[in-house]
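Colleague: Quick check, what structure comes out for this input:
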Amino acid sequence: MTHPIFPESSAALSARRKVLAPKQLEAFQAFSKATFADGALPEKTKQLIAVAVAHTTQCPYCIRGHTRAARRCGATPEEIMESIWVAAEMRAGGAYAHSALALDELEHLEHPASG
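Modeller: This is a model prediction of the structure:
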């Protein structure tokens with residue numbers, strides 16, 4: 001029998017987390033509730049941001065959970081997919097922007113400072 005890399009989220013896992021660190025779990029849940037509450041940004045927008053960030057961090061649990069939450073908040077499949085494309089562009093943009101480091105290093109290798 002194969003062992004999954006990412007076990008399915010379950011009530012048993014949630015209960016185990018609570019037993020092992022109840023105060024931290026309570027604090028995290030309160031933080032999460034406050035973070036996603038309507039404020040300057042509505043909850044739907046925050047959930048779409050979370051979907052994008054979850055794809056950037058590549059957390060399978062976050063992807064599933066925030067996709068479900070976004071739908072519960074009224075996000076359309078098209079809005080969810082567009083948020084994923086934003087994440088893809090940001091990851092690609094980060095690689096492009098950081099190419100400056102490689103180009104700088106190449107410059108130093110090709111033209112070492114004389115001293």
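Colleague: so who does A88 touch?
Modeller: Counting by CB atoms under 8 Å, 6 or more residues apart in numbering, A88 makes contact with H55. C-beta coordinates here come from the backbone N, C-alpha and C atoms, glycine included.
Colleague: 10 Å instead?
Modeller: By CB atoms under 10 Å, 6 or more residues apart in numbering, the residues touching A88 are A52, H55, T56.
Colleague: any idea of the pLDDT on it?
Modeller: At A88, the pLDDT value in this model is 96.
Colleague: State the helix or strand in which it lies.
Modeller: A88 is part of helix 77-110 when elements are defined by DSSP states H and E.
Colleague: Quick check: buried residues in that helix?
Modeller: Buried residues in helix 77-110, defined by neighbour count with 16 or more other CB atoms under 10 Å: E79, I80, S83, I84, V86, A87.
Colleague: The residue nearest to the first one when sequence neighbours are not counted: how many residues sit nearby?
Modeller: Leaving aside its sequence neighbours, E79 sits nearest to L48 (CB to CB, 6 or more residues apart in numbering; 6.0 Å). For L48, the neighbour count with other CB atoms under 10 Å is 24.
Colleague: On the pLDDT front, check L48 for me.
Modeller: On the pLDDT scale, L48 gets 98.
Colleague: Poorly predicted segments of the protein, please.
Modeller: Scanning the chain for pLDDT under 70 picks out 1, 114-115.
Colleague: Against L106, how distant is the residue nearest to the spatial centre of it?
Modeller: Centroid check for the chain by CA atoms, centre = their mean gives A54 as the closest residue, at 2.4 Å. Separation of A54 from L106 (CB to CB, to the nearest Å) stands at 34 Å.
Colleague: Kindly report the same for I5.
Modeller: Distance from I5 to L106, by CB to CB: 37 Å.
Colleague: and which of the contacts of A88 is nearest to S99?
Modeller: Using CB to CB, T56 is the member of those that lies nearest S99, at 18.4 Å.
Colleague: what's the helix or strand for that closest one?
Modeller: Going by DSSP H and E, T56 is part of helix 43-57.
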